[in-house]
Every structure is written in C-alpha cells, then in structure tokens.
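Asks: Okay, sequence plus prediction incoming.
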Amino acid sequence: MAKVIANKGRRAKILEAALKCFVKTGVGNTRVKDIAIEAGVDQPLIHYYFPTIESLYKDIIEIVLNHLKEHTLEAITKNISNPTKTLSSYIHAPFSWAEKNPGYFSIWMYFYYLASFNPFFTQVSTVIRENGRDRISVILYRGIESGHFKLQKGMNVKDLSINIQGLITGNTIMAGSEDRKLLPVFATITEKQILLWLLV
C-alpha cells in the first residue's frame with residue numbers, strides 16, 4: 001500500500017487508512033469514524049479533505065484501478081513479441097490480480113456498482129472500457145498481421161474486442177463473487193473460449 005500512496009501528507013494518510021479499512025471490512029461497513037481512527041486524525045479533518053464520501057471513493061477507486069492497470073501492463077509486456085502469449089497474459093491478468101488482491105477486487109466490484117447509476121463513475125468506466133478495447137484491438141491486429149490469429153467469418157476486430165472484454169470482465173466477476181478459488185479455473189476457461197475464436 002505504501003507504494004500506491006507515495007506522499008505521506010495528511011490527505012495521503014487518510015487515503016491509506018480508508019484503503020485499509022475498505023480492504024479489511026468492506027466499503028459498505030466502513031464508517032468515517034473508522035477511517036479517522038485508522039489514520040490517527042480527527043474526524044472533521046477527513047471531511048475537510050473529502051467533503052463528500054463520493055470524493056473519497058473517487059480517490060480510492062483511482063488507486064485500485066491504477067493497481068489493476070499496472071498489473072495488466074506488466075503481464076502483457078513480458079511476451080510482447082508473441083501475440084498469442086500477449087493475449088493469454090491479458091486474459092489472465094484480472095483473474096490473477098483478483099486472486100492476489102481480494103480486498104482491492106472487492107473495491108473494484110463496488111466501482112461497477114457505482115458505475116451503474118453514478119454519472120462520474122459511469123464516465124470513468126467508459127474510459128477504462130475504451131482503453132481496454134483499444135489494447136485488445138492492438139493485440140488482435142498484431143496477431144492477424146503475423147498470422148497467429150484469423151478472424152472467423154462475419155467477425156471484425158472491433159466487435160471481437162468488445163466480446164473479449166465482456167467475457168473477461170464477466171467471468172472475473174462471476175468467479176470472484178462465487179468462489180475466489182475458481183479464479184484460475186475461470187481464467188483458463190475464458191482463455192480457451194477466446195482462442196477458439198482466433199487461432200488459425
């Protein structure tokens with residue numbers, strides 16, 4: 001957590017405390033009082049830096065989303081010269097991240113809940129989705145150009161990117177919310193299905 005929040009000012013201390021509380025007891029069960037105790041500050045100071053609970057959620061979710069992004073980018077750059085391995089790494093990244101970071105994964109799931117009705121979080125989700133589809137499209141184009149992948153009749157890269165993204169996200173949420181021990185199993189199932197759409 002110290003790596004995620006480098007600045008150790010009061011605001012950063014509050015964020016670190018909030019992240020610890022959310023990971024430990026869940027977003028819905030955490031009170032501002034709990035965060036103040038964890039941070040070792042008076043409760044009004046939290047309201048000074050974060051006038052609304054939504055403003056606190058924004059910063060916490062940004063930390064979690066960046067953590068997932070870094071994990072994903074690290075995974076896909078290991079096999080950048082092989083499109084099949086790159087795509088496989090991309091598919092497995094959210095599953096392995098959720099398995100290693102169950103508390104962050106819970107916050108990630110809460111983000112999707114917020115995105116279902118809150119315009120700010122909906123917009124953040126849209127940007128993330130678009131960036132993810134762009135990454136998938138680049139991998140697909142590289143694979144097609146190198147002869148590793150072949151699109152099935154009637155498919156195009158844009159539509160396939162949306163399907164791949166939906167399958168990865170949906171299966172990560174399903175496995176993580178049913179039984180986190182199933183995350184590696186669902187990752188393999190997801191990879192097999194996606195590669196069936198693509199392999200020559």
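Replies: Ah, there it is. Residues are numbered from 1 along each chain as shown.
Asks: can I see the domain layout of the chain?
Replies: As assigned by automatic domain parsing, the chain contains the domains 1-51, 54-198.
Asks: Can you give the distance of the shortest one from its chain's centre?
Replies: To tie it back to what came earlier, the one meant is domain 1-51. Distance of domain 1-51 from its chain centroid, counting by C-alpha atoms, centre = their mean, to the nearest Å, is 21 Å.
Asks: related to what we said a few turns ago, compare the domains of the chain and say which comes out lowest on pLDDT.
Replies: For those, mean pLDDT drops lowest on domain 1-51, to a mean of 87.
Asks: on that earlier part again, mind putting the domains of the chain in JSON lines, mean neighbour count included?
Replies: All C-beta atoms are positioned from the backbone trio N, CA, C, and that covers glycine. What follows is those, written out as JSON lines (neighbours: other C-beta atoms under 10 Å):
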{"stretch": "domain 1-51", "mean neighbour count": "16"}
{"stretch": "domain 54-198", "mean neighbour count": "16"}
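Asks: I figured G40 hits E16, correct?
Replies: No. Shown here, G40 and E16 do not form a contact pair, counting by C-beta atoms under 8 Å, at 10.9 Å.
Asks: check contacts around the residue most central in space within the chain.
Replies: Centroid-nearest residue in the chain, with C-alpha atoms, centre = their mean: L68, separated by 4.5 Å. Counting by C-beta atoms under 8 Å, 6 or more residues apart in numbering, L68 makes contact with A93, P94, W97, Y104, W108.
Asks: 6 Å instead, please
Replies: Residues in contact with L68 (C-beta atoms under 6 Å, 6 or more residues apart in numbering) are W97.
Asks: Give the helix, strand or coil label for it.
Replies: helix (DSSP: H, G, I helix; E, B strand; the rest coil).
Asks: From S146, how far off is it?
Replies: Using C-beta to C-beta, to the nearest Å, one obtains 28 Å as the distance from L68 to S146.
Asks: distance of L183 from L87?
Replies: L183 is 18 Å from L87, by C-beta to C-beta.
Asks: what does G154 give?
Replies: Taking C-beta to C-beta, one finds G154 at 20 Å from L87.
Asks: No more questions from me, cheers.
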